[in-house]
Every structure is written in C-alpha cells, then in structure tokens.
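Peer 1: Structure for this input, please:
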Amino acid sequence: MASRTRRHGAARSARGGFRRRLPLRLLLPLLVLVALAAMLMLRGYVHSEILADHRVQPPAATDKVPEKILEGGPVIDVRGGRTEGLSVPDHRLVLTFDDGPDPTWTPRVLDVLKKHDAHAVFFVTGTMASRYPDLVKRMVDEGHEVGLHTFNHPDLSFQSTKRIDWELSQNQLAITGAAGVRTSLFRPPYSSFADAMDNKSWPVTEYIGSRGYITVVNNTDSEDWKKPGVREIIRRATPHGGKGAVVLMHDSGGDRHQTVQALDEFLPGLKEKGYEFDNLTEALDAPSAMTPVTGAELWKGKAWVFLVQASEKITDVLVVGLAVIGTLVIGRFGLMLLLSGVHARRVRRKRFSWGRTVTEPVTVLVPAYNEAKCIENTVRSLVASDHPVEVIVIDDGSTDGTARIVEGLGLPGVRVIRQLNAGKPAALNRGLANARHDIIVMMDGDTVFEPSTVRELVQPFGDPRVGAVAGNAKVGNKDSLIGAWQHIEYVMGFNLDRRMYDVLGCMPTIPGAVGAFRRSALEPIGGMSDDTLAEDTDVTMALHRAGWRVVYAENARAWTEAPETVQQLWSQRYRWSYGTMQAIWKHRRAVIEKGHSGRFGRVGLPFVSLFMVLAPLLAPLIDVFLLYGIVFGPTEKTVVAWLGVLAIQAVCAAYAFRLDRERMTHLISLPLQQILYRQLMYVVLLQSWITALTGGRLRWQKLRRTGVVEAPGGSVPRQRSRSSDDRRPVA
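Peer 2: Numbering: from 1, shown residues only. Take a look at the predicted model:
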C-alpha cells in the first residue's frame, strides 16, 4: 500500500511538473484584455449592434385571430385562458410613449406631464433603460407606469419562443435594476391598432399572455414620429366624441421637439373638455401593473445596470483613447515626415560639415557575455575600419569561451579585459576606465560595422557642442518574417524617429548597437548607470540634462542580430520598454528644472512619453475597433478608415526606406506587421506597465545568438548559411 501511495504521489508530482502557473505579469494583461473585450461586447449589445434583428413582418391574413380581439379594445388580456379586448372609459386618455427613455427628450416629456399633473405609460426598451436607469426611476417616482417594449426592439413574429423569453426577461431585468419594480404591461414593437392583429402576430400575443403579460396596443396614433407639425399631432391624438383612448406617442427615436410642444398644448386643452390623463390601470380601475422587487432579483437587476453603466463609461474612454491615438499617430507621422526631411536636406548638402574633420584614433568598447557565435565577426569588422581604432572587448564573465576566441585571433589593436559577471553598464565603465582615447564608441557583441562606420560615427564631434552620436542600427538577419518586421521597425520607427528627434534637439536614446560619446561628457555624469534596464536611454537623457547635443549620423551603419523567435523578441522589448519607463521616471525632475535640463524635460520627456509609452499602449485600439466594426458595425466605413491609417503608415515607411536607401520589397509584409506585430508590442508594453505599477523588478535577460550576421564585404553584410540547430522557428 505504501508503495502504491508513493507511486501515486510521484505520478501526481510528475503531472504537476507540467503545470506552469501563469505569472501575474502575464495574467493581468490577459485579464485586462478579456475585461475590455467583454465591456465592448456588452456596449454593442445594449446599443443594438449585436444580436439586433431589424426585420419587419409584412401584413398577413387575419382568419386565425378571434373576432373579439379584432373588434375589441387596445388592451388585450389573454392571461389564464381569457380572450378579451378592453377599452378605456370615455373622457379618459392613456398617453403612452414608446422607445425610450431618451436622455434629451424623456426629461422634457416628464417635465410637461408634471407641469399639467398628468400620468402616462412609458413602454421602455431594455437597451435604453439599461443606459439611462435614472430616467426610468424618475418615471416610477413621479407616478407613471412603465411597460416592456422588448430589449432590442425586434419584430417578435420572426423570433423563437426562446428569443421572446430572452427579450422579456432582459427588458424586465433592466427595469428592475433601474427602478426596483417589475411590470405586467407589454407593447410589441411595430404594433398599431387591435384590428391590425394578424396570423403572424396573434400567436406571439397568446404566448406573451401565457407568460403573465397584458398586451397594450393603441387606438389613437399621433404619428408624431413623422413630425407633421404641432397642430397635426394634436389633431391626430384627439379622440372623437369624448371617447376614451390609448394614445401612441414617442419620447425617443429622433427629434421629438414637436411632440413636447404638442403635449404642452394638448394636455390643458383636453383637460378643459373634461378629459383625465391617467395610468392604464387607473383608467381601467384595475390593480397596479407594477410590483416591487426584493432580494436576489433586485440585486441581479442592479448588477446588470452597474455593468452596463461601467461598459458605457469604459467604452467612452476607449473612444476618447481612439481619438487620442489617432491624433498622436497622424501628428507623429506628420512630424516625422516633415522633420526627417529637414534633417536629410541639412546633412546631405554638398557643403555640410560638422566642423573640423575628426581623424584622431578612437576607442571601441565591446561588452560581451557569451557571444562566442558572434564575437569574431564583430571584432574583424572593427579591425577593417578605415578609421584608426583601439578595440577593447570586455568579457563579462562569459562561460562559452568568448575571451579565448578574441585572444586567439591575435588581431592588432585588440585587447581583452576579463571581469566577473557584473552586467553591461559595469562592463562599459570598466572599458571606459581602460580606454586610451577621448572619443569612445560603444557597440554590442552581436553587431558588425562597415569599414566606414566608425569614421562616419565620429565626424559630428567636430562640433564641440556634440556630446554623443547615435548611429544607424540595421537588422542583419531580416530574411525571416519576424526579422523583416523588425527591419521595418528599425528603418521606419527608430531611424525616422532619430532624424525627427535630432532636429528637435531631444534625442532620447543612443542605440547600444552603435553609438559614440566624448569621454569629457561621460565622466561628469558618472559613466554608464545601472539604475535602469535601458542604460543607453538613461545615459542619453543624462547628457541632455548636462547641456550636451546628441545627434544622429545616418551613414554610420551597423548591422545587428535581431531576435529570431517571439520569445526572444518578447524578452528584449520587455526590457526596453520597462527600462524606458524607468529612465523617464529617473529624469522626471527635468520637467521643472531650468536651462538645458529644463528644455529637455519640457520637450524631450513629453515626446518620449507620448510616442514611446502612451501611443504604443493605445495603438491596438485601432485594431480593436477595426475588428468590432467589421463584425458588428459599419463594415465598409471601418475598413476604409483602417486602410486610411495603413496608407499613412505605408507612406511614412516608404519615405523612411527611401531615405535609408533600402529596398521597398520588404514593405510587402507591412500590413501583416501592423496586425500581428503591434499586438505583441502592445502586450509587452502593458506587461511593463503592470510590472512598474506592482513594483516588480525585471532581470536582465540574455538573448540566444546564432552568429548569422557576418562582417560586411561591402556596404551590406553577408549572411552565411545556418543549420537547423542554430535557429529555432519564428513561432
């Protein structure tokens, strides 16, 4: 027995080994997305965009409808086996209002009724009652009766009994949640007089009666929905010969100002003729149609109303967010196109010069941790530079022999410094302390330079105001789909941005793959800091605050190995986005400071926050509303709007590719990138927000390298063939 117990426990443990708890930082974004989708669907439901049926049955034969119904009054009672058509007594009018409540016209109708001490019956739809519960409560509080007019206003003759029950119960739930009552009055959508009952609508009326409801049609139609004029509405609403009537009017569904004006004249005019304006049950001397609801049903109704109100507010916020992101996207693209063109024209002028030509040797720092597959290509590309360089490879505790590979190359001007693993900022600071020259170039261990990269990168230092230079980082492994997407992002999103930020004087980031610094600029700010996970953004912001110019050198091209799987890309962008947030928070005081720091704080930080944090977070709203609009909304308008946004992005991307002299063929995957890639970036950014808000601490995550980017033979790096062991599938 003990043995069996142990085996069972072991098996259970083994099974448990396959169960992985979803981390909170992943679970929370998932829950947020599900909640937002649910709120959007709920809003679509209560706005009759989902499950709505707008078909209307044409007139049918009447041979199956009892004569006493066709010739009877407008109040049809078929409960408990009865078949009665009741009429309102003479000189009594029951005003009925359909399709409300409406936030504009219902309050005005209620005001007129209160002014003339009259009661009425409001046949409310569940959609409107759910959205405007306070108006339903006001109706009940002021002595009016409410009745059901279905939830979504379908023609019930098309519907199954299950759908009819759903329409009734949801309508009742909305009224209960709004006013704490239930009602036994019902008016079918698209109904008119009792003699219009036919073989299609009569079975529905019988079924409604079996559920305990009295069906109320009308025998006097004001036809106010046609807006025929105040005098005509009054004429049509007035019964002949002092007879009683159920009068049909509307307090929703369009402009009802004629209804309100007519009502204000109609009530006192007929009161002078001896008419009374009562609720239906008052006019029929019957018990009230409304009964209080308590207990679980009441709380269920209140919960429904609360959820609908929440969905209204949340989707209103989403709509505002969509407007914001639309403005940001168009504004950013406009600025990018304008300012990047200004930058290109300025630096490409024949006589353009940064100042004196920089010819002195520079030190290139290569921090490396387990870069055995890449480091040879990296170092050989540096040695091939047409500018004199000193290369320092700082081995940050590698366990794969990175340092030995470099030392074994025996290349002139290349030194290796070993240290225990302490992180990239510490490695760069160690290299900075051992550098022999005043200009420091920093690059990643998976990156290769063209022969002219260093020379192009350091020329802006001919301007003594320049403290740092951002190079042109490019994706070297762009032959896969995920690599092509990142290639578009680098050319369009990063380099076009850098041109814009250069002109604005608020470059937020010197890329870790290719950047250069003055030693005299770095040392006063303490070198590279490990306060954030984005040390390149952190140091760039610190240089701005210290008064240095940071510029972009478009011809200083470096080819880097981009992540080749979704998991690796997730890890990299999670670190970038979280590190950027940390850097913004670290330098937040620049907003209130004076001088160079204040200028960066009031120009650079808002731009970075809007375009690198807020805009990507809101960007998926475009796709959310696209999907919703295609499925439930105006499909053609939605698709046209989305294609318009895509066209703007395509124009910017094509312009960026033209500036960078890249082949346009890679833009074929742009639509797919916008649909899939952006969603991944959104979830990464949302996860970063949650990590920041929950006080989480993100560790540095080393990416798996393949070494597929080689030293360039010309202006573009060659890519060697690779085995299936070197690279995993994109998905």
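Peer 1: hey, let's count contacts and neighbours off CA atoms from now on
Peer 2: Noted.
Peer 1: Now the most centrally placed residue in the chain. Nearest residue, chain neighbours left out?
Peer 2: Nearest to the geometric centre of the chain sits Leu621, at 2.8 Å (CA atoms, centre = their mean). Leaving aside its sequence neighbours, Leu621 sits nearest to Leu322 (CA to CA, 6 or more residues apart in numbering; 5.9 Å).
Peer 1: Show me where the protein dips below the pLDDT cut-off.
Peer 2: Counting by pLDDT under 70, the chain contains low-confidence ranges at 1-26, 28-29, 619-620, 633, 692-731.
Peer 1: the longest helix in it is where?
Peer 2: Longest helix of the chain, by residue count under DSSP state H: helix 295-347.
Peer 1: Which elements pack onto that helix?
Peer 2: helix 24-46, helix 126-131, helix 161-179, helix 496-504, helix 615-618, helix 620-632, helix 635-659 (3 or more CA pairs under 8 Å, 6 or more residues apart in numbering; DSSP states H and E).
Peer 1: Return the list of strands paired to the following helix or strand past that helix, each annotated with direction.
Peer 2: Next along the chain after helix 295-347, taking DSSP states H and E as the criterion, comes strand 362-368. Its sheet considered, strand 362-368 pairs with strand 389-396 (parallel), strand 439-442 (parallel) by DSSP bridges.
Peer 1: Which strands and helices lie in contact with the strand or helix carrying Gln261?
Peer 2: Taking DSSP H and E as the criterion, Gln261 maps to helix 257-272. Helices and strands touching helix 257-272, by 3+ CA pairs under 8 Å, 6+ apart, are helix 105-115, helix 230-237.
Peer 1: Mind doing that once more with 6 Å?
Peer 2: For helix 257-272, the elements it packs on are helix 230-237, judged by 3 or more CA pairs under 6 Å, 6 or more residues apart in numbering; DSSP states H and E.
Peer 1: Now the helix it packs on: buried residues?
Peer 2: Burial within helix 230-237, assessed by neighbour count using 16 or more other CA atoms under 10 Å, is assigned to Val230, Ile233, Ile234, Arg236, Ala237.
Peer 1: which residues sit against the helix holding Gln261?
Peer 2: The contact list for helix 257-272 (CA atoms under 6 Å, 6 or more residues apart in numbering) reads Val109, Val112, Val230, Ile234.
Peer 1: what angle do it and helix 105-115 make?
Peer 2: Orientation check (axes from the mean of the first three to the mean of the last three CA atoms, to 10 degrees): helix 257-272 against helix 105-115 gives 20 degrees.
Peer 1: Buried residues, helix 257-272. List them.
Peer 2: In helix 257-272, counting by 16+ other CA under 10 Å, buried: His257, Gln258, Thr259, Val260, Gln261, Ala262, Leu263, Asp264, Phe266, Leu267, Pro268, Leu270.
Peer 1: can you give me the offset of it from its chain's centre?
Peer 2: Relative to the chain's own centre, helix 257-272 is displaced by 48 Å; criterion: CA atoms, centre = their mean, to the nearest Å.
Peer 1: quick one: strands adjacent to the next helix or strand after that helix?
Peer 2: Next helix or strand after helix 257-272 toward the C-terminus (DSSP H and E): strand 276-277. Using DSSP bridges, the strands paired with strand 276-277 are strand 92-98 (parallel).
Peer 1: Output the strand it pairs with in CSV, but only the C-alpha positions, please.
Peer 2: Below are the C-alpha coordinates for strand 92-98, written out as CSV (Å, rounded to 0.1, in the frame of the first residue of the first chain):
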residue,chain,number,x,y,z
ARG,A,92,-60.1,59.1,-20.1
LEU,A,93,-56.9,59.2,-22.1
VAL,A,94,-53.9,57.0,-21.5
LEU,A,95,-50.9,58.6,-23.0
THR,A,96,-48.2,56.1,-24.0
PHE,A,97,-44.7,56.8,-25.0
ASP,A,98,-42.5,54.3,-26.9
